[in-house]
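Chemist: after the sequence you'll find the predicted model.
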Amino acid sequence: MEEQNITRVQVNDKEIILIGTAHVSKHSAEQVKEVIEAEQPDAVCIELDEQRYQSISEGSKWTDTNIFHIIKEKKATLLLMNLAISSFQKRMAKQFGINAGQEMIQGIESAKEVGAELVLADRNIQTTFSRIWHGVGFWGKAKLMMQVVYSIFSNESITEEELEKMKSQDMLDSMLNDFTENFPRLKVPLIDERDQYLSQKIKEAPGKKVVAVLGAAHVPGITKEIHKDHDLNQLRKQPPKSKLPKLIGWMIPILIIALIAYTFYANPSAGAQQTISWVLWNGSFSALGTALALGHPLAILTAFVAAPITSLNPLIAAGWFAGFAQALIRKPKVSDFETLSEDVLHVKGFWNNKVTRILLIIVLANIGSSLGTVIGGADVIRLFFENI
């Protein structure tokens, strides 16, 4: 049996076999099957949490999705980002004629075949996202979003040989060093903490022999961390929510309303000018965002009307109203949900599919409204100082 990409670790009386995989590599899936059949382990650990396991084992349940519930629950942006990231991975997988995450699926199937206990060893993905988002700061968030968008819409392809090279230790170290330089704070929740979480779960897996199917990037860290004890409850903790964004979110509209009200009192014509400026900047940018998402004319009009009002209330957003309008006028059909996984393989598909178009409308209308708030707010302040 080929030992490349396999790391053997002894922890007390337990033999642990780590298989370093690439998530879209055909060879990785084949190797997982070979190792589990040959080793006949007591437990198989896979780099999935409960949420991602359900997604893989139950298949796509898009036909049960209610787009109105997604909007109400404020999950449109998260769903769009998940679809976009999934698109990137699926495009690479399609290039090699396999399913994304095939090595994890193989791990699940092989565990059943040999009678091994299946252990979901990864931390909840929402916890990881929360800790990433909390730790990178404002500019880090902007940089991260740009990097993700670039990787999503990039048409670059790589050879399977290059993919396999990524699993060598030297290449991995080099990649992680680059990763740390670009996003130093991001490496901690995304790699280091998950190394600790995964190593503890693997160590606690039942039996004397355990096979763990992991992304190759985690193998060096787990090899080091598995000899230490880690507090899983501590690693599961959601970061405390900062009160500052909420405070700023209320301070800006209160300031805008106060400035317009005072200007109306001191100079009614200047107050009217401020109001018109606020409405036009907010409404126009939000409507433009909706138009860029190819929204229906009524959805564009809804964004224009809603943005100047929603920008004064942090609890609501123009994109939600524009998305609702689009969903009512162009309600997605079952076929739109059924073709969603294929449509997101191409940039064009995000606009063609009625589901992702609604998500785009929500996101772009909200971005437009935010830009309008900044520019419109600055103009309100300018007019205030010119007329006091």
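Modeler: That came through, no problem. Note that the structure is a prediction, hence the values are computed from the model and not measured.

Chemist: just the CA trace of stretch 229-249, in CSV.
Modeler: C-alpha atoms of stretch 229-249 as CSV (Å, rounded to 0.1, in the frame of the first residue of the first chain):
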residue,chain,number,x,y,z
ASP,A,229,-4.8,18.2,25.7
HIS,A,230,-7.3,20.7,24.4
ASP,A,231,-10.6,22.1,25.8
LEU,A,232,-13.3,21.4,23.2
ASN,A,233,-15.8,23.6,25.0
GLN,A,234,-13.4,26.5,24.9
LEU,A,235,-12.8,26.0,21.2
ARG,A,236,-16.6,25.8,20.6
LYS,A,237,-17.3,29.2,22.2
GLN,A,238,-18.8,31.9,20.0
PRO,A,239,-16.9,35.2,20.2
PRO,A,240,-18.6,37.9,22.2
LYS,A,241,-20.5,40.3,19.9
SER,A,242,-19.1,43.8,20.0
LYS,A,243,-21.6,46.6,20.9
LEU,A,244,-19.7,49.2,18.9
PRO,A,245,-21.2,48.3,15.5
LYS,A,246,-24.7,48.4,16.9
LEU,A,247,-23.9,51.7,18.7
ILE,A,248,-22.5,53.2,15.5
GLY,A,249,-25.5,51.8,13.6
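
Chemist: who's in contact with that stretch?
Modeler: Stretch 229-249 has contacts (Cβ atoms under 8 Å, 6 or more residues apart in numbering) with 123-124, 127, 130-131, 134-135, 193, 196-197, 199-201, 314. C-beta: built from backbone N, CA, C; applies to glycine.

Chemist: reformat the residues you listed as JSON lines; add pLDDT, secondary structure and neighbour count.
Modeler: Shown next, in JSON lines, are the contacts of stretch 229-249 (pLDDT from 0 to 100; DSSP: H, G, I helix; E, B strand; the rest coil; neighbours: other Cβ atoms under 10 Å):
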{"residue": "R123", "pLDDT": "91", "secondary structure": "coil", "neighbour count": "21"}
{"residue": "N124", "pLDDT": "85", "secondary structure": "coil", "neighbour count": "16"}
{"residue": "T127", "pLDDT": "83", "secondary structure": "helix", "neighbour count": "19"}
{"residue": "S130", "pLDDT": "76", "secondary structure": "helix", "neighbour count": "16"}
{"residue": "R131", "pLDDT": "78", "secondary structure": "helix", "neighbour count": "21"}
{"residue": "H134", "pLDDT": "71", "secondary structure": "helix", "neighbour count": "15"}
{"residue": "G135", "pLDDT": "65", "secondary structure": "helix", "neighbour count": "17"}
{"residue": "E193", "pLDDT": "88", "secondary structure": "helix", "neighbour count": "21"}
{"residue": "Q196", "pLDDT": "94", "secondary structure": "helix", "neighbour count": "23"}
{"residue": "Y197", "pLDDT": "95", "secondary structure": "helix", "neighbour count": "26"}
{"residue": "S199", "pLDDT": "95", "secondary structure": "helix", "neighbour count": "27"}
{"residue": "Q200", "pLDDT": "95", "secondary structure": "helix", "neighbour count": "19"}
{"residue": "K201", "pLDDT": "96", "secondary structure": "helix", "neighbour count": "19"}
{"residue": "P314", "pLDDT": "85", "secondary structure": "coil", "neighbour count": "16"}
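
Chemist: closest to G20 among those?
Modeler: The nearest member of the contacts of stretch 229-249 to G20, counting by Cβ to Cβ, is S199 at 14.0 Å.

Chemist: buried stuff in the longest helix seen in the chain?
Modeler: When the chain is parsed with DSSP state H, its longest helix is helix 354-387. Residues 354-373, 375-377, 379-380, 383-384 are the ones in helix 354-387 that count as buried (16 or more other Cβ atoms under 10 Å).

Chemist: out of the contacts of stretch 229-249, give me the two with the largest separation.
Modeler: S199 and P314 (40.6 Å).

Chemist: quick one on the thing from earlier: which one among the contacts of stretch 229-249 gets closest to K33?
Modeler: Nearest to K33 among the contacts of stretch 229-249, with distances taken as Cβ to Cβ, is K201, at 22.1 Å.

Chemist: which stretches in the chain count as strands?
Modeler: Applying DSSP state E to the chain gives strands spanning 6-11, 14-21, 43-46, 117-120, 209-215.

Chemist: so can I have CSV of these showing mean neighbour count?
Modeler: Converted to CSV, the strands of the chain look like this (neighbours: other Cβ atoms under 10 Å):
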stretch, mean neighbour count
strand 6-11, 15
strand 14-21, 23
strand 43-46, 26
strand 117-120, 17
strand 209-215, 25
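
Chemist: can you put those in JSON lines and add distance to K243 and mean pLDDT?
Modeler: Shown next, in JSON lines, are the strands of the chain (distance: least, Cβ to Cβ, whole Å; pLDDT from 0 to 100):
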{"stretch": "strand 6-11", "distance to K243": "43", "mean pLDDT": "92"}
{"stretch": "strand 14-21", "distance to K243": "42", "mean pLDDT": "92"}
{"stretch": "strand 43-46", "distance to K243": "38", "mean pLDDT": "95"}
{"stretch": "strand 117-120", "distance to K243": "34", "mean pLDDT": "95"}
{"stretch": "strand 209-215", "distance to K243": "36", "mean pLDDT": "93"}
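
Chemist: with distance to E34 as extra columns, can I get those strands in a markdown table?
Modeler: Converted to a markdown table, the strands of the chain look like this (distance: least, Cβ to Cβ, whole Å):
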| stretch | distance to E34 |
| --- | --- |
| strand 6-11 | 10 |
| strand 14-21 | 10 |
| strand 43-46 | 13 |
| strand 117-120 | 18 |
| strand 209-215 | 11 |
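
Chemist: before I go, just wanted to say thanks for your time.
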